[in-house]
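Undergrad: this is a predicted model, with the sequence first.
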Amino acid sequence: MIERIPSGDAKLDSVLGGGLPANSITVVAGAPGSGKTILAHQYVFENATQQNPALYLTTVSEPFDKVLRYAQTLTFFDAQLVGRAVFYEDLGTTLASRGLTAALDRIDALTKDRRPGMIAIDSFTAFRDFAADDGEFRRFLHALAGRLSAFPATSFWIGEYDGEDPLGKPEFTVADAILQLSARRISERELREFEVRKLRGSDFLMGSHAYRLSNDGVDVFPRLADPAQDEPYASEGSGRISSGIEALDEMLAHGYWPGASTLIAGPSGCGKTLLGLHFVFGGARQGDPGLIATLQENPVQLERVVRSFGWSLEDEAVEVMYRSPVDIYIDEWFHELLERIERRGVRRVVIDSLDDLGFTTQDEVRFREYMYSLVQRCARNGVSLMMTLEVPDLSRITHLSDFNISHLADNVVLLQYVWSGAKVKRALTVLKARASALEPTVREFKILPDGIVLGDELEFGRDIG
C-alpha cells in the first residue's frame with residue numbers, strides 16, 4: 001500500500017487518487033499568479049510536524065521575505081510551527097554567488113541538519129538560469145534527484161512552466177508527478193484549471209478540473225464525468241410521486257417516478273418557476289426535503305412569489321441555494337449542489353433555470369457533460385430533479401434548447417401561450433414521459449391564488465387561432 005500525502009482539500013485528494021504518493025518528487029507547474037506557492041504551502045502546513053518537519057527553500061525568483069510575508073495571509077498558516085516544524089531557508093544567495101554545485105551542497109547540508117519529511121523549492125526554474133549549458137543542468141538534476149530519492153522526503157519543485165513545457169523539459173522526466181495550474185479566458189470570464197499531467201504508480205482523475213484561489217488555499221472542483229452504468233435506478237419497484245398538481249399527475253399517469261428528471265420548457269412568464277414550486281412544496285408536505293437552486297430570483301424576490309401562493313421559504317423542509325449567474329464557476333456550482341443534496345437528504349430538486357446556468361460557461365460540451373452526470377447521480381440516488389428552460393417562442397414552439405439536453409430528461413413538459421380569438425391563454429402539454437403511457441394533449445391552465453389549475457383540452461381551430 002502506497003502512503004499518501006494529503007493536501008488539506010478532500011476534493012483535490014480525490015483527483016489524485018487519494019493524495020500524492022509519499023517520498024515522491026512533484027513538479028507544481030504554472031504561470032505567475034496561478035497559485036503554485038499557495039498550493040505548496042497548503043501541503044506544507046497540512047503535513048509538517050516537529051517529528052516530520054518541512055523545509056521551504058526560496059531561490060532568486062521570489063525574495064525570501066516576500067514569500068514568508070504573503071504566506072502569513074493564508075488562513076492555514078500557523079506561526080507557531082515556523083522554526084519548529086516549518087523551516088524557511090534562502091537558497092538564492094548561495095545560488096547567485098556560487099552556482100549550482102554550491103546550491104546542491106547547501107540543499108544536502110540542510111536536509112541532513114533538519115531531517116525534513118517534506119522539501120519545497122520555489123522557484124525551481126531559477127536553477128536553469130545558472131547552468132552554463134543543458135549538460136550542466138542535467139547533471140545537477142541527476143544529482144539532486146538521486147539525493148532526494150535516497151532521503152525519505154516528499155519534494156515539491158515549483159516553477160513557471162506553460163502547458164507545453166511538460167512535454168520536453170528534463171525535470172519532468174525526473175519527476176514522479178506533474179501538477180499543472182493554468183487559466184484561460186472564456187468571453188469575459190477567466191477559468192482556472194488544474195490538471196494532473198503525470199502521476200507514477202497511482203490512478204487519478206483525468207481532464208481539467210476547475211479551481212479557485214483564496215486565503216483558504218486552492219479549492220479544486222473535480223470534473224463531473226459519470227460513465228454509463230448498468231445498475232438500476234433507485235426508484236425501480238417504488239410508487240409514483242406527485243407533481244403537486246392533481247390534474248398534471250393524471251396527465252403523467254399518476255405522477256413522476258422517484259429519481260426521474262423533468263424539463264419544464266416555456267416562454268417568459270408562463271409559469272415554469274411556479275410548476276417547480278408546486279413540486280418542491282408539495283413534496284415538503286409529504287415529508288420529502290426539497291432544494292430550490294435558483295439563478296433568477298434572489299431569496300427576497302423568491303419569498304415574495306412563494307408567499308403569494310401560500311407557501312414560505314421558512315419551511316424547514318425546503319432549502320434555497322441562490323447564486324448570481326454573473327459570478328459563478330459552473331464546476332463549483334454543481335459540487336455545491338451535490339453536497340447540499342447529500343447533507344440535507346434532499347429528495348426533490350428544482351433548478352431555475354438552465355438558461356442562466358448555461359450562461360456561466362461558453363463550453364457547450366462541458367455543460368452537457370455536467371448535466372448528464374447530475375441527472376445520472378440523482379437517478380441512482382432516487383432524487384427527483386426538475387429543471388426549467390426558457391424558450392424564445394411564445395406559441396407553437398418548434399425548438400426547445402441550444403444545449404441539446406432535452407433528451408436527458410425522463411419527462412418534458414411544455415408551456416406556451418395560445419391565441420383563442422382575441423384572448424391569450426396559457427397551455428400545457430406533456431411531450432415526454434419515460435416509462436409511462438402518454439397521449440400528448442394541449443390543456444389550458446390558469447394561475448390562481450392557489451397556484452396552477454389545469455382546465456380543459458384545447459382544440460386547434462376552435463380554441464387556438
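TA: Great, that's in hand.

Undergrad: contacts and neighbour counts: CA atoms only from here.
TA: Fine.

Undergrad: strands of the stretch 201-350 of the chain, start to end?
TA: Taking DSSP state E, counting those that start in this stretch to define them, one finds strands in the stretch 201-350 of the chain at 209-214, 217-221, 261-266, 290-294, 318-322, 348-352.

Undergrad: turn these into CSV, columns for mean pLDDT.
TA: Listed next are the strands of the stretch 201-350 of the chain as CSV, based on pLDDT from 0 to 100:
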stretch, mean pLDDT
strand 209-214, 92
strand 217-221, 95
strand 261-266, 92
strand 290-294, 96
strand 318-322, 96
strand 348-352, 96
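
Undergrad: dump those to CSV, plus mean neighbour count and distance to residue 137.
TA: Output for those, formatted as CSV (neighbours: other Cα atoms under 10 Å; distance: least, Cα to Cα, whole Å):
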stretch, mean neighbour count, distance to residue 137
strand 209-214, 18, 32
strand 217-221, 22, 31
strand 261-266, 26, 58
strand 290-294, 24, 54
strand 318-322, 18, 53
strand 348-352, 25, 55
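
Undergrad: what's the span of stretch 7-24, first residue to last?
TA: Using Cα to Cα, to the nearest Å, the end-to-end distance of stretch 7-24 comes out at 14 Å.

Undergrad: state the mean pLDDT of it.
TA: Averaged over stretch 7-24, pLDDT sits at 93.

Undergrad: which residues touch that stretch?
TA: If you take Cα atoms under 8 Å, 6 or more residues apart in numbering as the criterion, stretch 7-24 is touched by 2-6, 42-43, 46, 117, 149, 152-155, 175-177, 196, 202-206, 218-222.

Undergrad: circling back: export the strands of the stretch 201-350 of the chain to CSV and tack on distance to residue 141?
TA: Shown next, in CSV, are those (distance: least, Cα to Cα, whole Å):
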stretch, distance to residue 141
strand 209-214, 30
strand 217-221, 28
strand 261-266, 55
strand 290-294, 52
strand 318-322, 51
strand 348-352, 53
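
Undergrad: nearest to residue 367 among those would be which one?
TA: Proximity to residue 367, assessed across the strands of the stretch 201-350 of the chain by Cα to Cα, is greatest for strand 209-214 (13.1 Å).

Undergrad: tell me which strands that closest one pairs with, and in which orientation.
TA: Strand 209-214 has its sheet partners listed here by DSSP bridges as strand 189-199 (antiparallel), strand 217-221 (antiparallel).

Undergrad: restricting to C-alpha, output that strand in CSV.
TA: Taking Å, rounded to 0.1, in the frame of the first residue of the first chain, the C-alpha atoms of strand 209-214 are listed here in CSV:
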residue,chain,number,x,y,z
HIS,A,209,-10.6,20.5,-13.1
ALA,A,210,-11.7,24.0,-12.1
TYR,A,211,-10.2,25.6,-9.0
ARG,A,212,-10.5,28.8,-7.0
LEU,A,213,-7.8,30.6,-5.1
SER,A,214,-8.5,32.3,-1.8
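
Undergrad: flag every buried residue along the lowest-mean-pLDDT helix or strand in the chain.
TA: Of all helical and strand segments in the chain, the minimum by mean pLDDT, DSSP states H and E falls on helix 64-71, at a mean of 80. Of all the residues in helix 64-71, those buried under the rule 16 or more other Cα atoms under 10 Å are 64, 67, 71.

Undergrad: and what of stretch 264-277?
TA: 264-268, 270-277.

Undergrad: between the two ends of it, how far is it?
TA: Start-to-end span of stretch 264-277 (Cα to Cα) is 12 Å.

Undergrad: shaky segments in the stretch 301-450 of the chain?
TA: Counting by pLDDT under 70, the stretch 301-450 of the chain shows low-confidence ranges at 362, 394-404.

Undergrad: that one: helices as residue ranges?
TA: 330-344, 354-359, 364-380 (DSSP state H, counting those that start in this stretch).

Undergrad: number of nearby residues for residue 326?
TA: Per other Cα atoms under 10 Å, the neighbour tally for residue 326 reads 13.

Undergrad: what's near enough to touch it?
TA: Residue 326 touches residue 360, counting by Cα under 8 Å, 6+ apart.

Undergrad: what does the one 3 residues further on give?
TA: With contacts defined as Cα under 8 Å, 6+ apart, residue 329 is in contact with 191, 210, 360, 361.

Undergrad: which two from these end up farthest apart in space?
TA: Farthest-apart pair in those is 210 and 360; separation 13.2 Å (Cα to Cα).

Undergrad: would you mind writing the CA trace of stretch 370-382 as CSV?
TA: Written as CSV, here are the backbone C-alpha positions of stretch 370-382 (Å, rounded to 0.1, in the frame of the first residue of the first chain):
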residue,chain,number,x,y,z
TYR,A,370,-22.1,18.1,-16.3
MET,A,371,-25.8,17.9,-16.9
TYR,A,372,-25.6,14.2,-17.9
SER,A,373,-23.6,13.5,-14.7
LEU,A,374,-26.0,15.3,-12.5
VAL,A,375,-29.0,13.5,-14.0
GLN,A,376,-27.3,10.2,-13.5
ARG,A,377,-26.3,10.8,-9.9
CYS,A,378,-29.8,12.0,-9.0
ALA,A,379,-31.4,9.0,-10.7
ARG,A,380,-29.1,6.5,-8.9
ASN,A,381,-29.9,8.0,-5.5
GLY,A,382,-33.7,8.4,-6.1
